[in-house]
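Build me a model:
(chains A, B, C and D)
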Number of protein chains: 2
Amino acid sequence: MSGSSTKTADPPCRAYHHGDLRRCLLTAARELLVERGVTGFSLREVARRAGVSPRAPYHHFPDRIALLAEVAREGFGGLSALMATEMGIADPEQRLRALGLAYLRFAAESPAEFQTMHCDELCSVETFPDRPEVAEGSFRYLFATLQDLAGRPLSEDEGRRVGLVAWAAVHGLATLRAEGVLGTDFPDQDLDEILADAVGRTARMLVTELRRP
Amino acid sequence: MSGSSTKTADPPCRAYHHGDLRRCLLTAARELLVERGVTGFSLREVARRAGVSPRAPYHHFPDRIALLAEVAREGFGGLSALMATEMGIADPEQRLRALGLAYLRFAAESPAEFQTMHCDELCSVETFPDRPEVAEGSFRYLFATLQDLAGRPLSEDEGRRVGLVAWAAVHGLATLRAEGVLGTDFPDQDLDEILADAVGRTARMLVTELRRP
DNA sequence: GCCGGGATCTATACGCCGCTTACACCGCAA
DNA sequence: TTGCGGTGTAAGCGGCGTATAGATCCCGGC
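Residues are numbered from 1 along each chain as shown, chains lettered A, B, ... in the order given. Prediction:
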(Lines give C-alpha, C1' and ligand atoms only; values in the text may rest on other atoms or scores of the structure.)
Protein backbone atom coordinates (compact mmCIF):
# COMPACT_ATOMS: atom_id res chain seq x y z
CA MET A 1 0.00 0.00 0.00
CA SER A 2 3.03 2.24 0.37
CA GLY A 3 3.75 2.35 -3.36
CA SER A 4 7.18 1.82 -4.86
CA SER A 5 9.36 4.07 -2.73
CA THR A 6 11.07 2.55 0.25
CA LYS A 7 11.11 5.83 2.14
CA THR A 8 7.47 6.92 2.26
CA ALA A 9 7.83 9.76 4.71
CA ASP A 10 5.95 12.36 2.69
CA PRO A 11 2.39 12.04 4.05
CA PRO A 12 2.52 14.13 7.21
CA CYS A 13 1.81 11.54 9.81
CA ARG A 14 2.23 8.25 8.03
CA ALA A 15 5.36 6.21 8.39
CA TYR A 16 5.69 2.64 9.35
CA HIS A 17 8.61 1.88 11.58
CA HIS A 18 9.96 5.37 11.42
CA GLY A 19 9.26 6.31 14.99
CA ASP A 20 7.28 9.43 14.34
CA LEU A 21 3.89 8.08 15.33
CA ARG A 22 4.62 9.19 18.86
CA ARG A 23 5.05 12.82 17.81
CA CYS A 24 2.09 12.52 15.49
CA LEU A 25 -0.07 11.32 18.38
CA LEU A 26 1.07 14.19 20.56
CA THR A 27 0.20 16.72 17.87
CA ALA A 28 -3.21 15.16 17.28
CA ALA A 29 -3.78 15.10 21.03
CA ARG A 30 -3.03 18.81 21.35
CA GLU A 31 -5.41 19.63 18.51
CA LEU A 32 -8.14 17.51 20.01
CA LEU A 33 -7.60 19.10 23.42
CA VAL A 34 -8.00 22.56 21.93
CA GLU A 35 -11.18 21.53 20.14
CA ARG A 36 -12.92 19.54 22.87
CA GLY A 37 -11.10 20.16 26.13
CA VAL A 38 -9.74 17.58 28.54
CA THR A 39 -13.23 16.21 29.17
CA GLY A 40 -13.85 15.58 25.49
CA PHE A 41 -10.44 14.03 24.98
CA SER A 42 -10.45 10.50 23.62
CA LEU A 43 -7.54 8.23 22.83
CA ARG A 44 -9.49 6.53 20.05
CA GLU A 45 -10.15 9.86 18.39
CA VAL A 46 -6.45 10.69 18.58
CA ALA A 47 -5.64 7.37 16.92
CA ARG A 48 -8.30 8.04 14.30
CA ARG A 49 -6.77 11.43 13.49
CA ALA A 50 -3.32 9.89 13.28
CA GLY A 51 -4.71 7.32 10.85
CA VAL A 52 -3.90 4.28 12.94
CA SER A 53 -5.85 1.61 14.72
CA PRO A 54 -7.24 2.24 18.22
CA ARG A 55 -4.64 -0.05 19.70
CA ALA A 56 -1.59 1.55 18.07
CA PRO A 57 -1.04 4.37 20.62
CA TYR A 58 -0.47 1.77 23.32
CA HIS A 59 2.89 0.96 21.77
CA HIS A 60 4.06 4.48 22.59
CA PHE A 61 2.13 5.32 25.76
CA PRO A 62 1.01 2.87 28.43
CA ASP A 63 -2.44 4.49 28.67
CA ARG A 64 -4.32 7.67 27.87
CA ILE A 65 -3.13 9.35 31.04
CA ALA A 66 0.47 8.88 29.95
CA LEU A 67 -0.24 10.66 26.66
CA LEU A 68 -1.86 13.55 28.52
CA ALA A 69 1.04 13.61 30.96
CA GLU A 70 3.49 13.96 28.08
CA VAL A 71 1.50 16.91 26.72
CA ALA A 72 1.64 18.47 30.19
CA ARG A 73 5.34 17.75 30.54
CA GLU A 74 6.11 19.50 27.26
CA GLY A 75 3.86 22.31 28.43
CA PHE A 76 5.90 22.86 31.58
CA GLY A 77 9.03 22.94 29.44
CA GLY A 78 7.50 25.47 27.06
CA LEU A 79 6.38 27.73 29.90
CA SER A 80 9.82 27.59 31.44
CA ALA A 81 11.44 28.47 28.11
CA LEU A 82 9.04 31.36 27.60
CA MET A 83 9.81 32.77 31.02
CA ALA A 84 13.55 32.25 30.57
CA THR A 85 13.59 34.65 27.64
CA GLU A 86 12.37 37.43 29.93
CA MET A 87 15.12 36.96 32.48
CA GLY A 88 17.43 39.27 30.55
CA ILE A 89 15.41 42.31 31.60
CA ALA A 90 17.48 44.30 34.07
CA ASP A 91 14.82 46.20 36.00
CA PRO A 92 13.27 43.75 38.46
CA GLU A 93 9.76 45.27 38.44
CA GLN A 94 9.67 45.32 34.67
CA ARG A 95 11.00 41.78 34.62
CA LEU A 96 8.36 40.63 37.10
CA ARG A 97 5.68 42.14 34.89
CA ALA A 98 7.20 40.42 31.86
CA LEU A 99 7.18 37.07 33.65
CA GLY A 100 3.50 37.47 34.48
CA LEU A 101 2.68 38.42 30.91
CA ALA A 102 4.67 35.42 29.66
CA TYR A 103 2.59 33.16 31.90
CA LEU A 104 -0.61 34.63 30.47
CA ARG A 105 0.71 34.43 26.93
CA PHE A 106 1.58 30.78 27.41
CA ALA A 107 -1.89 29.99 28.77
CA ALA A 108 -3.50 31.77 25.83
CA GLU A 109 -1.31 30.38 23.08
CA SER A 110 -0.96 26.83 24.39
CA PRO A 111 -4.42 26.11 25.77
CA ALA A 112 -4.04 22.35 25.31
CA GLU A 113 -0.91 22.27 27.43
CA PHE A 114 -2.24 24.70 30.01
CA GLN A 115 -5.41 22.65 30.47
CA THR A 116 -3.59 19.38 30.90
CA MET A 117 -0.99 20.86 33.21
CA HIS A 118 -3.76 21.67 35.67
CA CYS A 119 -6.40 19.01 35.04
CA ASP A 120 -7.47 16.93 38.00
CA GLU A 121 -6.33 13.59 36.59
CA LEU A 122 -2.73 14.75 36.37
CA CYS A 123 -2.59 16.68 39.63
CA SER A 124 -3.82 14.45 42.39
CA VAL A 125 -2.93 11.03 41.12
CA GLU A 126 0.37 9.17 41.06
CA THR A 127 0.25 9.14 37.27
CA PHE A 128 2.65 12.07 37.05
CA PRO A 129 5.14 11.51 39.84
CA ASP A 130 7.80 13.96 38.70
CA ARG A 131 5.31 16.79 38.23
CA PRO A 132 6.79 18.85 41.10
CA GLU A 133 10.30 18.86 39.65
CA VAL A 134 9.05 19.55 36.13
CA ALA A 135 6.88 22.40 37.36
CA GLU A 136 9.56 23.82 39.64
CA GLY A 137 11.59 25.31 36.76
CA SER A 138 9.30 28.23 36.04
CA PHE A 139 9.11 29.27 39.66
CA ARG A 140 12.83 29.58 40.11
CA TYR A 141 12.66 32.55 37.76
CA LEU A 142 9.88 34.07 39.83
CA PHE A 143 11.71 33.60 43.11
CA ALA A 144 14.94 35.04 41.71
CA THR A 145 13.11 38.09 40.45
CA LEU A 146 11.34 38.66 43.76
CA GLN A 147 14.72 38.47 45.46
CA ASP A 148 16.10 41.15 43.15
CA LEU A 149 12.98 43.20 43.69
CA ALA A 150 13.23 43.19 47.46
CA GLY A 151 16.67 44.76 47.47
CA ARG A 152 17.41 42.98 50.72
CA PRO A 153 18.12 39.37 51.65
CA LEU A 154 14.83 37.49 51.57
CA SER A 155 14.37 34.55 53.87
CA GLU A 156 13.47 31.24 52.23
CA ASP A 157 10.13 31.32 53.99
CA GLU A 158 9.21 34.88 53.06
CA GLY A 159 10.33 34.31 49.49
CA ARG A 160 8.00 31.38 49.13
CA ARG A 161 5.13 33.21 50.78
CA VAL A 162 5.42 36.24 48.52
CA GLY A 163 6.06 33.95 45.58
CA LEU A 164 2.81 32.18 46.29
CA VAL A 165 0.93 35.48 46.23
CA ALA A 166 2.47 36.44 42.88
CA TRP A 167 2.04 33.03 41.36
CA ALA A 168 -1.57 32.69 42.48
CA ALA A 169 -2.40 36.12 41.11
CA VAL A 170 -1.29 35.41 37.55
CA HIS A 171 -2.49 31.82 37.70
CA GLY A 172 -5.91 33.10 38.73
CA LEU A 173 -5.93 35.52 35.82
CA ALA A 174 -4.91 32.78 33.40
CA THR A 175 -7.55 30.30 34.58
CA LEU A 176 -10.29 32.91 34.66
CA ARG A 177 -9.55 33.85 31.08
CA ALA A 178 -9.31 30.21 30.06
CA GLU A 179 -12.75 29.64 31.58
CA GLY A 180 -14.10 32.40 29.37
CA VAL A 181 -15.67 34.10 32.36
CA LEU A 182 -14.05 37.48 31.84
CA GLY A 183 -15.93 38.14 28.64
CA THR A 184 -19.11 38.86 30.59
CA ASP A 185 -17.37 41.06 33.14
CA PHE A 186 -15.52 43.16 30.60
CA PRO A 187 -17.74 43.17 27.54
CA ASP A 188 -16.53 44.98 24.45
CA GLN A 189 -13.10 45.53 25.93
CA ASP A 190 -9.71 44.26 24.92
CA LEU A 191 -9.11 41.42 27.32
CA ASP A 192 -5.39 41.47 26.68
CA GLU A 193 -5.25 45.09 27.80
CA ILE A 194 -7.35 44.34 30.88
CA LEU A 195 -5.09 41.45 31.82
CA ALA A 196 -1.91 43.41 31.18
CA ASP A 197 -3.30 46.11 33.45
CA ALA A 198 -4.03 43.51 36.13
CA VAL A 199 -0.50 42.14 35.87
CA GLY A 200 0.90 45.66 36.09
CA ARG A 201 -1.14 46.42 39.20
CA THR A 202 -0.10 43.15 40.81
CA ALA A 203 3.57 43.77 40.08
CA ARG A 204 3.36 47.30 41.47
CA MET A 205 1.60 46.01 44.58
CA LEU A 206 4.28 43.37 45.08
CA VAL A 207 7.00 46.00 44.88
CA THR A 208 5.55 48.03 47.74
CA GLU A 209 4.82 44.83 49.66
CA LEU A 210 8.42 43.69 49.36
CA ARG A 211 9.85 47.09 50.24
CA ARG A 212 7.79 47.80 53.31
CA PRO A 213 9.84 48.03 56.50
CA MET B 1 -40.07 -6.82 45.51
CA SER B 2 -40.96 -4.05 47.94
CA GLY B 3 -42.31 -6.47 50.56
CA SER B 4 -45.69 -6.08 52.25
CA SER B 5 -45.69 -2.43 53.26
CA THR B 6 -47.19 0.04 50.83
CA LYS B 7 -45.10 2.92 52.13
CA THR B 8 -41.50 1.79 51.85
CA ALA B 9 -39.88 5.15 52.53
CA ASP B 10 -37.50 4.08 55.27
CA PRO B 11 -34.33 3.43 53.24
CA PRO B 12 -32.74 6.85 52.94
CA CYS B 13 -32.98 7.46 49.25
CA ARG B 14 -35.81 5.17 48.18
CA ALA B 15 -39.23 6.56 47.53
CA TYR B 16 -41.36 5.95 44.56
CA HIS B 17 -43.31 8.94 43.39
CA HIS B 18 -42.20 11.10 46.26
CA GLY B 19 -40.04 13.51 44.35
CA ASP B 20 -36.88 13.11 46.37
CA LEU B 21 -34.91 11.12 43.82
CA ARG B 22 -33.74 14.41 42.40
CA ARG B 23 -32.15 15.46 45.69
CA CYS B 24 -30.81 11.95 46.19
CA LEU B 25 -29.12 12.10 42.80
CA LEU B 26 -27.57 15.47 43.58
CA THR B 27 -26.17 14.14 46.86
CA ALA B 28 -24.77 11.05 45.20
CA ALA B 29 -23.30 13.20 42.44
CA ARG B 30 -21.50 15.41 44.95
CA GLU B 31 -20.07 12.38 46.73
CA LEU B 32 -18.91 10.85 43.46
CA LEU B 33 -17.34 14.16 42.39
CA VAL B 34 -15.38 14.30 45.61
CA GLU B 35 -14.20 10.74 45.17
CA ARG B 36 -13.33 10.73 41.48
CA GLY B 37 -13.34 14.31 40.23
CA VAL B 38 -15.23 15.71 37.26
CA THR B 39 -13.33 13.46 34.88
CA GLY B 40 -14.32 10.33 36.75
CA PHE B 41 -17.93 11.41 37.06
CA SER B 42 -20.48 9.02 35.60
CA LEU B 43 -24.24 9.32 35.47
CA ARG B 44 -24.65 5.56 35.63
CA GLU B 45 -22.59 5.40 38.81
CA VAL B 46 -24.75 8.12 40.33
CA ALA B 47 -27.87 6.13 39.49
CA ARG B 48 -26.25 3.00 40.92
CA ARG B 49 -25.52 4.78 44.20
CA ALA B 50 -29.05 6.11 44.33
CA GLY B 51 -30.29 2.54 43.85
CA VAL B 52 -32.19 3.20 40.65
CA SER B 53 -31.92 2.10 37.06
CA PRO B 54 -29.53 3.90 34.68
CA ARG B 55 -32.47 5.51 32.93
CA ALA B 56 -34.13 6.98 36.03
CA PRO B 57 -32.02 10.17 36.32
CA TYR B 58 -33.20 11.26 32.89
CA HIS B 59 -36.65 11.95 34.35
CA HIS B 60 -35.11 14.66 36.54
CA PHE B 61 -32.24 15.97 34.40
CA PRO B 62 -32.14 16.10 30.60
CA ASP B 63 -28.56 14.85 30.53
CA ARG B 64 -25.45 14.45 32.65
CA ILE B 65 -24.38 18.04 32.00
CA ALA B 66 -27.64 19.30 33.48
CA LEU B 67 -26.99 17.37 36.69
CA LEU B 68 -23.48 18.83 36.90
CA ALA B 69 -24.87 22.27 36.15
CA GLU B 70 -27.30 21.96 39.06
CA VAL B 71 -24.43 21.05 41.38
CA ALA B 72 -22.58 24.12 40.14
CA ARG B 73 -25.66 26.31 40.52
CA GLU B 74 -26.09 25.28 44.13
CA GLY B 75 -22.38 25.87 44.58
CA PHE B 76 -22.62 29.46 43.43
CA GLY B 77 -25.50 29.95 45.85
CA GLY B 78 -23.53 28.44 48.71
CA LEU B 79 -20.50 30.61 47.99
CA SER B 80 -22.68 33.70 47.88
CA ALA B 81 -24.31 32.79 51.18
CA LEU B 82 -20.93 32.18 52.79
CA MET B 83 -19.64 35.55 51.67
CA ALA B 84 -22.85 37.29 52.71
CA THR B 85 -22.29 36.32 56.34
CA GLU B 86 -18.99 38.27 56.31
CA MET B 87 -20.58 41.48 55.07
CA GLY B 88 -21.43 42.54 58.61
CA ILE B 89 -17.79 43.29 59.38
CA ALA B 90 -17.38 47.04 59.67
CA ASP B 91 -13.69 47.51 58.88
CA PRO B 92 -13.31 47.21 55.10
CA GLU B 93 -9.83 45.69 55.11
CA GLN B 94 -10.82 43.12 57.69
CA ARG B 95 -13.95 42.43 55.68
CA LEU B 96 -11.99 42.01 52.45
CA ARG B 97 -9.75 39.50 54.19
CA ALA B 98 -12.81 37.67 55.53
CA LEU B 99 -14.30 37.50 52.02
CA GLY B 100 -11.11 35.98 50.67
CA LEU B 101 -10.97 33.46 53.47
CA ALA B 102 -14.62 32.59 52.87
CA TYR B 103 -13.81 31.92 49.22
CA LEU B 104 -10.98 29.59 50.24
CA ARG B 105 -13.11 27.91 52.88
CA PHE B 106 -15.82 27.26 50.33
CA ALA B 107 -13.36 25.76 47.86
CA ALA B 108 -11.94 23.50 50.57
CA GLU B 109 -15.22 22.41 52.13
CA SER B 110 -17.24 22.04 48.94
CA PRO B 111 -14.73 20.57 46.51
CA ALA B 112 -17.42 18.95 44.38
CA GLU B 113 -19.18 22.26 43.83
CA PHE B 114 -15.96 24.19 43.33
CA GLN B 115 -14.73 21.74 40.70
CA THR B 116 -17.96 21.79 38.75
CA MET B 117 -18.30 25.56 38.95
CA HIS B 118 -15.05 25.87 37.03
CA CYS B 119 -14.92 22.76 34.86
CA ASP B 120 -14.54 23.28 31.14
CA GLU B 121 -17.81 21.63 30.17
CA LEU B 122 -19.82 24.14 32.17
CA CYS B 123 -17.81 27.23 31.33
CA SER B 124 -17.44 27.46 27.59
CA VAL B 125 -20.55 25.71 26.41
CA GLU B 126 -24.13 26.89 26.13
CA THR B 127 -25.16 24.26 28.64
CA PHE B 128 -25.22 26.76 31.49
CA PRO B 129 -26.59 29.94 29.96
CA ASP B 130 -27.40 31.79 33.17
CA ARG B 131 -23.96 31.14 34.66
CA PRO B 132 -22.96 34.82 34.56
CA GLU B 133 -25.97 35.98 36.58
CA VAL B 134 -25.65 33.10 39.05
CA ALA B 135 -21.94 33.79 39.50
CA GLU B 136 -22.40 37.56 39.71
CA GLY B 137 -23.81 37.44 43.25
CA SER B 138 -20.55 36.77 45.06
CA PHE B 139 -18.71 39.52 43.26
CA ARG B 140 -21.13 42.22 44.25
CA TYR B 141 -19.90 41.75 47.81
CA LEU B 142 -16.31 42.09 46.63
CA PHE B 143 -16.99 45.25 44.65
CA ALA B 144 -18.91 46.86 47.50
CA THR B 145 -16.06 46.13 49.89
CA LEU B 146 -13.44 47.53 47.52
CA GLN B 147 -15.56 50.66 47.23
CA ASP B 148 -15.61 51.04 51.02
CA LEU B 149 -11.91 50.36 51.12
CA ALA B 150 -11.00 53.08 48.64
CA GLY B 151 -12.57 55.81 50.70
CA ARG B 152 -13.25 57.72 47.52
CA PRO B 153 -15.70 57.30 44.66
CA LEU B 154 -14.44 54.48 42.47
CA SER B 155 -15.24 54.56 38.78
CA GLU B 156 -17.07 51.54 37.38
CA ASP B 157 -14.05 50.73 35.28
CA GLU B 158 -11.47 51.00 38.02
CA GLY B 159 -13.70 49.04 40.39
CA ARG B 160 -13.86 46.17 37.98
CA ARG B 161 -10.14 46.27 37.27
CA VAL B 162 -9.16 46.19 40.91
CA GLY B 163 -11.90 43.64 41.55
CA LEU B 164 -10.37 41.40 38.92
CA VAL B 165 -6.99 41.57 40.63
CA ALA B 166 -8.51 40.64 44.00
CA TRP B 167 -10.72 37.93 42.59
CA ALA B 168 -7.93 36.36 40.54
CA ALA B 169 -5.64 36.34 43.55
CA VAL B 170 -7.95 34.31 45.79
CA HIS B 171 -9.18 32.20 42.90
CA GLY B 172 -5.59 31.34 42.08
CA LEU B 173 -4.94 30.36 45.67
CA ALA B 174 -8.07 28.22 45.75
CA THR B 175 -7.30 26.37 42.52
CA LEU B 176 -3.65 25.84 43.42
CA ARG B 177 -4.69 24.26 46.68
CA ALA B 178 -7.38 22.20 44.97
CA GLU B 179 -4.74 20.91 42.58
CA GLY B 180 -2.72 19.74 45.54
CA VAL B 181 0.37 21.50 44.22
CA LEU B 182 1.07 23.52 47.35
CA GLY B 183 1.91 20.47 49.41
CA THR B 184 5.25 20.15 47.64
CA ASP B 185 6.07 23.84 47.92
CA PHE B 186 5.24 24.12 51.59
CA PRO B 187 5.98 20.70 53.02
CA ASP B 188 5.30 20.09 56.68
CA GLN B 189 3.56 23.41 57.07
CA ASP B 190 -0.03 24.29 57.88
CA LEU B 191 -1.50 25.09 54.49
CA ASP B 192 -4.40 26.95 56.05
CA GLU B 193 -1.97 29.29 57.78
CA ILE B 194 0.02 29.78 54.58
CA LEU B 195 -3.12 30.60 52.65
CA ALA B 196 -4.46 32.91 55.34
CA ASP B 197 -1.13 34.71 55.23
CA ALA B 198 -1.39 35.03 51.44
CA VAL B 199 -4.91 36.41 51.73
CA GLY B 200 -3.73 38.87 54.37
CA ARG B 201 -0.86 40.07 52.21
CA THR B 202 -3.14 40.43 49.20
CA ALA B 203 -5.70 42.44 51.18
CA ARG B 204 -2.98 44.71 52.58
CA MET B 205 -1.57 45.21 49.09
CA LEU B 206 -5.00 46.09 47.75
CA VAL B 207 -5.46 48.69 50.45
CA THR B 208 -2.32 50.58 49.49
CA GLU B 209 -3.15 50.11 45.81
CA LEU B 210 -6.60 51.63 46.29
CA ARG B 211 -5.35 54.52 48.41
CA ARG B 212 -2.51 55.65 46.22
CA PRO B 213 -2.92 59.13 44.82
C1' DG C 1 21.02 -14.55 0.76
C1' DC C 2 18.54 -15.98 4.43
C1' DC C 3 16.39 -16.05 8.69
C1' DG C 4 15.09 -15.16 13.30
C1' DG C 5 13.66 -11.77 16.59
C1' DG C 6 12.04 -7.48 18.24
C1' DA C 7 9.51 -3.37 17.27
C1' DT C 8 5.31 -1.78 15.47
C1' DC C 9 0.65 -1.99 14.02
C1' DT C 10 -4.19 -4.60 13.37
C1' DA C 11 -8.25 -7.58 14.63
C1' DT C 12 -11.24 -8.75 17.97
C1' DA C 13 -13.41 -8.58 22.30
C1' DC C 14 -14.98 -7.08 27.13
C1' DG C 15 -17.22 -4.06 30.17
C1' DC C 16 -18.49 0.68 31.10
C1' DC C 17 -20.26 4.97 29.40
C1' DG C 18 -24.26 8.43 27.71
C1' DC C 19 -28.48 8.24 25.78
C1' DT C 20 -32.77 6.36 23.10
C1' DT C 21 -37.04 3.68 22.32
C1' DA C 22 -40.44 1.03 24.40
C1' DC C 23 -42.97 -0.38 28.15
C1' DA C 24 -44.79 -0.92 33.30
C1' DC C 25 -46.34 1.01 37.25
C1' DC C 26 -48.17 4.37 40.75
C1' DG C 27 -51.50 7.62 42.38
C1' DC C 28 -54.55 11.26 41.53
C1' DA C 29 -58.68 13.51 39.27
C1' DA C 30 -62.59 13.34 36.50
C1' DT D 1 -63.87 3.30 37.76
C1' DT D 2 -61.06 4.86 34.48
C1' DG D 3 -57.82 7.43 32.21
C1' DC D 4 -53.61 9.92 32.35
C1' DG D 5 -49.27 12.21 33.60
C1' DG D 6 -45.30 11.49 36.42
C1' DT D 7 -41.91 8.13 37.40
C1' DG D 8 -39.67 3.98 37.20
C1' DT D 9 -37.51 -0.46 34.46
C1' DA D 10 -35.75 -3.28 30.34
C1' DA D 11 -33.15 -3.63 26.39
C1' DG D 12 -30.18 -1.77 23.02
C1' DC D 13 -26.96 1.50 20.19
C1' DG D 14 -22.51 3.39 19.29
C1' DG D 15 -18.31 5.13 21.55
C1' DC D 16 -14.93 4.70 25.08
C1' DG D 17 -10.43 2.57 27.44
C1' DT D 18 -7.83 -1.32 27.12
C1' DA D 19 -6.45 -6.54 27.18
C1' DT D 20 -5.21 -10.74 24.30
C1' DA D 21 -3.62 -12.57 20.17
C1' DG D 22 -1.70 -12.24 15.78
C1' DA D 23 0.15 -9.95 11.47
C1' DT D 24 3.70 -7.20 9.36
C1' DC D 25 8.00 -4.89 8.81
C1' DC D 26 13.00 -3.76 9.64
C1' DC D 27 17.55 -5.09 11.11
C1' DG D 28 21.58 -7.70 12.40
C1' DG D 29 24.00 -12.23 12.42
C1' DC D 30 25.04 -16.39 9.86
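
okay, A:Gly88: pLDDT?
For A:Gly88, the model assigns a pLDDT of 98.

tell me which element it falls in.
Using DSSP states H and E, A:Gly88 sits in no helix or strand.

For it, list the residues it contacts.
For A:Gly88, the contact set (Cβ atoms under 8 Å, 6 or more residues apart in numbering or on different chains) is empty. C-beta here means a position set from N, CA and C on the backbone, and glycine is covered the same way.

measure it to A:Leu149 for me?
According to Cβ to Cβ, to the nearest Å, A:Gly88 and A:Leu149 sit 16 Å apart.

How about A:Thr127?
Distance, A:Thr127 to A:Leu149, by Cβ to Cβ: 36 Å.

residue boundaries of the helices in chain A?
Using DSSP state H, the helices of chain A run over A:21-36, A:43-50, A:64-84, A:92-109, A:111-117, A:120-123, A:131-150, A:156-179, A:182-185, A:191-211.

which of these is buried the deepest?
Greatest average neighbour count among the helices of chain A goes to helix A:111-117 (a mean of 24), per mean count of other Cβ atoms under 10 Å in any protein chain shown.

chain center to that one: distance?
6 Å (Cα atoms, centre = their mean, to the nearest Å).

for stretch A:120-138, same thing?
For stretch A:120-138, the separation from the chain centroid amounts to 12 Å (computed by Cα atoms, centre = their mean).

for chain A, what are the low-confidence residue spans?
For chain A, the stretches flagged by pLDDT under 70 are A:1-19, A:213.

For DNA strand C, what is the nearest residue in it?
Of all residues in chain A, A:Ser53 sits closest to DNA strand C, at 2.9 Å by Cβ to the nearest atom of the strand.

picking up where we left off before, redo the helices of chain A as a markdown table? Include distance to B:Leu154.
Converted to a markdown table, these look like this (distance: least, Cβ to Cβ, whole Å):
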| stretch | distance to B:Leu154 |
| --- | --- |
| helix A:21-36 | 38 |
| helix A:43-50 | 49 |
| helix A:64-84 | 33 |
| helix A:92-109 | 23 |
| helix A:111-117 | 32 |
| helix A:120-123 | 37 |
| helix A:131-150 | 28 |
| helix A:156-179 | 20 |
| helix A:182-185 | 15 |
| helix A:191-211 | 14 |
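
wait, which of those is closest to B:Glu74?
Proximity to B:Glu74 (Cβ to Cβ) singles out helix A:156-179 among these, at 18.7 Å.

For chain B, tell me whether the closest one is touching it.
Yes - contact of helix A:156-179 with chain B (Cβ under 8 Å from any Cβ of the partner chain) involves A:160-162, A:164-165, A:167-173, A:175-176, A:179.

So which of these is the closest to DNA strand D?
A:Glu179 (23.3 Å).

contacting residues around the closest residue to that closest one other than its chain neighbours?
Take A:Glu179 and drop its neighbours on the chain: the residue closest to it by Cβ to Cβ, 6 or more residues apart in numbering or on different chains is B:Cys123, 4.2 Å away. Going by Cβ under 8 Å, 6+ apart, B:Cys123 touches A:179-181, B:131.

filter those down to the ones near DNA strand D?
When contact is defined as Cβ under 7 Å from any atom of the strand, the contacts of B:Cys123 do not meet DNA strand D at all.

Turn these into a markdown table, including distance to DNA strand C.
Shown next, in a markdown table, are the contacts of B:Cys123 (distance: Cβ to the nearest atom of the strand, whole Å):
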| residue | distance to DNA strand C |
| --- | --- |
| A:Glu179 | 21 |
| A:Gly180 | 21 |
| A:Val181 | 23 |
| B:Arg131 | 18 |
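
Name the nearest of those residues relative to B:Asp185.
Of all the contacts of B:Cys123, B:Asp185 sits closest to A:Glu179, with 23.7 Å by Cβ to Cβ.

Would you confirm that the closest one contacts B:His118?
Yes - between A:Glu179 and B:His118 there is a contact under Cβ atoms under 8 Å: 5.9 Å.

shared neighbours of those two, anything?
Counting by Cβ under 8 Å, 6+ apart, A:Glu179 and B:His118 have no common neighbour.

For the nearest residue to A:Glu70 once chain neighbours are set aside, give me its contacts.
Spatially, and ignoring its direct neighbours in sequence, A:Glu70 is nearest to A:Leu26 (6.3 Å; Cβ to Cβ, 6+ apart). A:Leu26 is in contact with A:67, A:70-71, A:74, counting by Cβ under 8 Å, 6+ apart.

what about A:Leu26, distance to DNA strand D?
15 Å (Cβ to the nearest atom of the strand, to the nearest Å).

do A:Leu210 as well
Taking Cβ to the nearest atom of the strand, one finds A:Leu210 at 46 Å from DNA strand D.

Would you confirm that that residue contacts A:Gly163?
No - assessed by Cβ under 8 Å, A:Leu210 is found out of contact with A:Gly163, at 10.8 Å.

Can you work out which residues contact both of the two?
Contact with both A:Leu210 and A:Gly163 is made by residues A:Leu146, according to Cβ under 8 Å, 6+ apart.

surely A:Val162 meets B:Arg201?
Yes - with contact defined as Cβ under 8 Å, A:Val162 and B:Arg201 form a contacting pair (7.2 Å).

residues shared between the contacts of those two?
What both A:Val162 and B:Arg201 touch, as defined by Cβ under 8 Å, 6+ apart, is the set A:Glu209.

show me what contacts the nearest residue to the residue of chain A closest to DNA strand C once chain neighbours are set aside?
In this structure, A:Ser53 finds its nearest non-sequential neighbour in A:Ala47, 6.5 Å apart by Cβ to Cβ, 6+ apart. By Cβ under 8 Å, 6+ apart, the residues touching A:Ala47 are A:25, A:53-57.

any idea how far A:Ala47 is from DNA strand D?
Taking Cβ to the nearest atom of the strand, one finds A:Ala47 at 8 Å from DNA strand D.

so A:Val34 makes contact with A:Glu113?
No - between A:Val34 and A:Glu113 there is no contact under Cβ under 8 Å: 9.8 Å.
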